[in-house]
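Q: take this sequence and fold it.
(one chain, ligands or ions: 1)
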Amino acid sequence: MQKFIITGGNRLNGEIELQGSKNSALPIMAAAFLAKGKCTLESCPNLTDVYSAARILNSLGSKCSITGNRAEIDSTVVSGSKISETLMREMRSSIMFMGAILGRMGECTFSVPGGCELGPRPIDMHLAALSKMGAEITDINGEITCRMPKGRGRGAKISLSFPSVGATENIILCAVLAEGETVINNAAREPEICDMCHFLRRCGARIKGDGESHIVVEGVESLHGCEYRIMPDRIAGATYLAMTAAAGGAMILKNACIAEMEPFISVLEQTGCFICAADNRIYLRRGGRLKAIRDRIRTMPHPGFPTDAQAVLMAALITADGTSVFEENIFDCRYRHTDALIKMGADIQVMGKAAVIRGVKRLHGADVEATDLRGGAAMAVAAVGAEGITRISCISHIDRGYENFEDVITSLGGKIRRE
Ligand code: EPU
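A: Next comes the predicted model:
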């Protein structure tokens, strides 16, 4: 099992290019299964989750290859409609393929990925929506089959009880080739959903309202291939900004999606960091000690503060002057990184949805274990600013979402190696 060995205490300086977005790339790869033609995706991040998505596509008969940051997916001829249990287990986001497979093949079989690092992650909203679109659903010992009796789904009016990102994506993926119009009320508004819709429109889909809570999809007969550039990863961007805020120094984030990162940037600015954003670049400089954030930081669906950035911001606020309070409203179990941060000297108290962070003067290195993707990244953020050596194990979690993590940090002057 690999580890990151981080020697903290160095200020970060320099500029980095932001990677393509994981949470865009995955649903877009699923969407490419719908197109009868070749899709070329640029800025596709090199991540283990992306490789898992490629394996799923190839297992379904698509031809998917990844060279550097370009993915080529040809789904002109496809053959399968079942995702094996092994592939389902590799990545929770394999659930994203459900809507696409059902839309293209009229049938889809998969197993539900169990509860994972962030707590139970049910798919009841996904299934209820697909059922409204005509799918007959059976569950035999955990193997779920969705079947459109007429081969093609039908448009429906769907109101989500919560703006779930995955459910919104799955409904759109199933609706683009369905018969008639599908309306989604209380849809999620995350930028990655818009990115997937931009891609689908390039392939010939008819979708309106993405980025708003009312989305309308008019089904078409078929989709064709296209070339598409995946949007930058706002959470990876938030992580490197938080890391520089924690360690001190100055950095420029190039290829940044400024508007999409605004909910994070506006909170980070309150720590006293100087931040200037223009022309797809974000400059951040930290002078003195960070200030705690006065208002409760509530994670909310977009455009609220993103749950995916909660852990990395927390890691920076550990050494801020004063007390900051988080409220996690999206996932039940998203404070699992706090034990590791406490081991490094943090003063954190978790009480249900709330986490109270009382700023300490300094952190020290420790041996810690990554608990999940963003939690592991938060440990690295804290470690770069801490005194001494931190060893982070279970870094396969981090590799799921950060491209060349150690190279990026090294290029900023951080001391990190993989062992
Ligand atoms: N939920 C249900 N039933 C459902 C679907 C969701 O109860 O049928 C609940 C979940 O249990 C959770 C909440 O609704 O408590 C939000 O889940 P959502 O469906 O919005 O999240 P997701 O689609 O599973 C995506 C991202 C996550 C990100 C969330 C929220 C991808 C591949 N994953 O997950 O990203 O945290 O949206 O923004 O896009 C990450 O990148 O580290 C990550 C976990």
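Q: what pLDDT does the closest residue to residue 7 other than its chain neighbours get?
A: In space, residue 7 comes closest to residue 415 once its chain neighbours are excluded; the distance is 4.0 Å by C-beta to C-beta, 6 or more residues apart in numbering. Backbone N, C-alpha and C define where each C-beta goes, glycine included. Residue 415 carries a pLDDT value of 98.
Q: I'd guessed residue 415 sits against residue 10; true?
A: Yes: using C-beta atoms under 8 Å, residue 415 is in contact with residue 10, at 5.9 Å.
Q: returning to that earlier point: how about the residue nearest to residue 7, what does it touch?
A: For residue 415, the contact set (C-beta atoms under 8 Å, 6 or more residues apart in numbering) comprises 6-8, 10.
Q: how many residues are close by the nearest residue to residue 249 once chain neighbours are set aside?
A: Using C-beta to C-beta, 6+ apart and skipping residues adjacent in sequence, the residue nearest residue 249 is residue 11, 3.6 Å away. By other C-beta atoms under 10 Å, the residues close to residue 11 number 16.
Q: in the chain, what helix or strand scores lowest on average pLDDT?
A: Lowest by mean pLDDT, DSSP states H and E among the helices and strands of the chain is helix 85-90, with a mean of 87.
Q: what about it, near the ligand?
A: No: judged by C-beta under 6 Å from any ligand atom, helix 85-90 makes no contact with the ligand; its nearest approach is 13.1 Å.
Q: just the contacts of residue 415: which are in strands?
A: Judged by DSSP state E, those include 6-7 as members of strands.
Q: most neighbours of all the contacts of residue 415, which one?
A: residue 6 (27 neighbours).
Q: settle this for me: residue 106 is touching residue 154, isn't it.
A: No: counting by C-beta under 8 Å, residue 106 sits too far from residue 154 to count as a contact (11.7 Å).
Q: rewinding a little: by contact count, what packs against the least confident helix or strand of the chain?
A: Counting contacts by 3 or more C-beta pairs under 8 Å, 6 or more residues apart in numbering; DSSP states H and E, helix 85-90 packs against helix 48-59, strand 107-111.
Q: circling back: could you check how far the residue nearest to residue 7 is from residue 49?
A: Distance of residue 415 to residue 49, computed by C-beta to C-beta, to the nearest Å: 27 Å.
Q: so, low pLDDT: which residues of the stretch 51-200 of the chain?
A: Low-confidence segments of the stretch 51-200 of the chain (pLDDT under 70): 113-116.
Q: which ones are touching residue 174?
A: 99-100, 102-103, 129-130, 133, 135, 153, 182.
Q: so which bits of this protein are right by the ligand?
A: 23, 26, 93, 121-126, 162, 164-167, 188, 190, 192, 307-308, 330-331, 373-374, 401.
Q: can you say which of those are buried?
A: Neighbour-count burial (16 or more other C-beta atoms under 10 Å) applied to the residues of the chain next to the ligand gives 23, 26, 93, 121, 123, 125-126, 164-167, 188, 190, 192, 307-308, 330-331, 373-374, 401.
Q: what about these, which are in helices?
A: Counting by DSSP state H, these place 23, 26, 125-126, 165-167, 192, 373-374 in helices.
Q: tabulate those (CSV), appending distance to residue 60.
A: CSV is the format used below for those (distance: C-beta to C-beta, whole Å):
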residue, distance to residue 60
23, 21
26, 15
125, 24
126, 18
165, 23
166, 19
167, 21
192, 22
373, 25
374, 29
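Q: run the chain-centre distance for stretch 330-343.
A: For stretch 330-343, the separation from the chain centroid amounts to 18 Å (computed by C-alpha atoms, centre = their mean, to the nearest Å).
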